[in-house]
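Participant: structure of the sequence below:
(4 chains)
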2 protein chains.
Amino acid sequence: MSTTQMLKGILDGCLLAIIKNKEVYGYELADKLETYGFHSFSEGTIYPLLLRMQKEGLVTSTLKKSTAGPRRKYYSLTPKGKQELDIFIKRWDDLQTNVNNVLHHESDTTTKKGDETIEE
Amino acid sequence: MSTTQMLKGILDGCLLAIIKNKEVYGYELADKLETYGFHSFSEGTIYPLLLRMQKEGLVTSTLKKSTAGPRRKYYSLTPKGKQELDIFIKRWDDLQTNVNNVLHHESDTTTKKGDETIEE
DNA sequence: TGAATTACATTGCAATACAAGGTATTGTTT
DNA sequence: AAACAATACCTTGTATTGCAATGTAATTCA
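Facilitator: The predicted structure follows:
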């Protein structure tokens, strides 16, 4: 059980959400995520993820010069990316609800789990 | 991006929470999780997870006879398991906070790097 | 020139959800 | 009894993905 495992499949949704808000480049995202409370992410996490999402048509990228350092690859959301973000948000909300249900164990225990349940 | 990916590292915490509440056996957990809103889980997910957690000393198991079918392996939490559950809950709360921060981007959009970008 | 910083990319590893397939025990039906 | 269904547990192999390690390149400054 580790924090990194809990991020699986969640990080891409977060990136989509940030990109939707404003065009950003990869290197910037590490800082960005930190301001949101995450520990800063490895570039080995972020770049492959961005490439994957671009391959899937969720984001597009354009290179722009920087005043200091090499060119930056700015990402923006495609319509498909926006759609995926909506799906992600829905799934995240469901997950949150369910996990919180378990953790606060609503404790109604109305599970009908008879030993001698003989069904058809 | 799929629901199963979002569960990684979260499911064990959920199992710990359920087990803490009441002694349960593996086969029962699939149903249990469904009442909490999850889709029912494969046994290929649950059993390896329980064995792993036992190996790590988070749970103990005792076999008990059933009125119908083979013996059931009932699990209960060890002190270490309770401790792990607390850690999980803390981590889950942090994750929730951070992800929700991103999704509702209750953010300031202050670019701290303050550098201009020159279009190419 | 060389070092530092910025920025992007790739490779290989580890963790884990899950489908598919297997085994064993008890009760019911033929 | 034999056959079958339901219950209950377990194992193997695969796909996904976060991340450390490593490499490359562009720009600035000493």
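
Participant: what segments of chain A are helices?
Facilitator: A:3-6, A:11-21, A:26-35, A:43-55, A:79-103 (DSSP state H).

Participant: out of these, nearest to A:L63?
Facilitator: Minimum separation from A:L63 across the helices of chain A (CB to CB) falls at helix A:26-35, 11.5 Å. Bear in mind the C-beta positions are built from the backbone N, C-alpha and C, glycine included.

Participant: list the helices and strands that closest one packs on?
Facilitator: helix A:11-21, helix A:43-55, strand A:72-77 (3 or more CB pairs under 8 Å, 6 or more residues apart in numbering or on different chains; DSSP states H and E).

Participant: who's in contact with A:E23?
Facilitator: A:Y74, A:Y75, A:S76 (CB atoms under 8 Å, 6 or more residues apart in numbering or on different chains).

Participant: one more time with 6 Å
Facilitator: A:Y74, A:S76 (CB atoms under 6 Å, 6 or more residues apart in numbering or on different chains).

Participant: what does chain A put close to chain B?
Facilitator: Residues of chain A found near chain B (CB under 6 Å from any CB of the partner chain) are A:1, A:3, A:5-6, A:8-10, A:12, A:14, A:17, A:21, A:36-38, A:64-65, A:67, A:91, A:95, A:98, A:101-103, A:105, A:111, A:115.

Participant: please spell out the ChimeraX selection for the buried subset of those residues.
Facilitator: Buried members of those, defined by 16 or more other CB atoms under 10 Å in any protein chain shown, are picked up in ChimeraX with:
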select /A:1,6,8,9,10,12,14,17,36,38,91,95,98,101,102,103
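
Participant: the biggest strand by length in chain A and DNA strand D in contact?
Facilitator: As assigned by DSSP state E, the longest strand anywhere in chain A is strand A:59-66. Yes: using CB under 7 Å from any atom of the strand, strand A:59-66 comes into contact with DNA strand D via A:K65, A:S66.

Participant: sheet-wise, list the partners of that strand with their directions.
Facilitator: strand A:72-77 (antiparallel), strand B:117-118 (antiparallel) (DSSP bridges).

Participant: could you report the pLDDT at A:G69?
Facilitator: pLDDT for A:G69: 87.

Participant: give me the number of residues near it?
Facilitator: 9 (other CB atoms under 10 Å in any protein chain shown).

Participant: over to it: give its phi and psi.
Facilitator: In terms of degrees, to the nearest 10, the main-chain angles of A:G69 are phi 100, psi -180.

Participant: please name the nearest non-neighbouring residue to A:Q5.
Facilitator: Leaving aside its sequence neighbours, A:Q5 sits nearest to B:G9 (CB to CB, 6 or more residues apart in numbering or on different chains; 2.8 Å).

Participant: surely the one you found and A:M6 touch.
Facilitator: Yes: the criterion here is CB atoms under 6 Å, and B:G9 meets it with A:M6 at 4.1 Å.

Participant: hang on, the earlier thing: show the pLDDT at the residue nearest to A:Q5.
Facilitator: So, for B:G9, pLDDT stands at 95.

Participant: could you check the distance from it over to DNA strand C?
Facilitator: 5 Å (CB to the nearest atom of the strand, to the nearest Å).

Participant: equivalent analysis for A:F41, please.
Facilitator: 11 Å.

Participant: spit out the contact partners of the residue lying closest to A:K20 once chain neighbours are set aside.
Facilitator: Nearest non-adjacent residue to A:K20, counting by CB to CB, 6+ apart: A:L77, 4.9 Å away. Contacts for A:L77 were tallied using CB under 6 Å, 6+ apart; they are A:I19, A:K20, A:V59.
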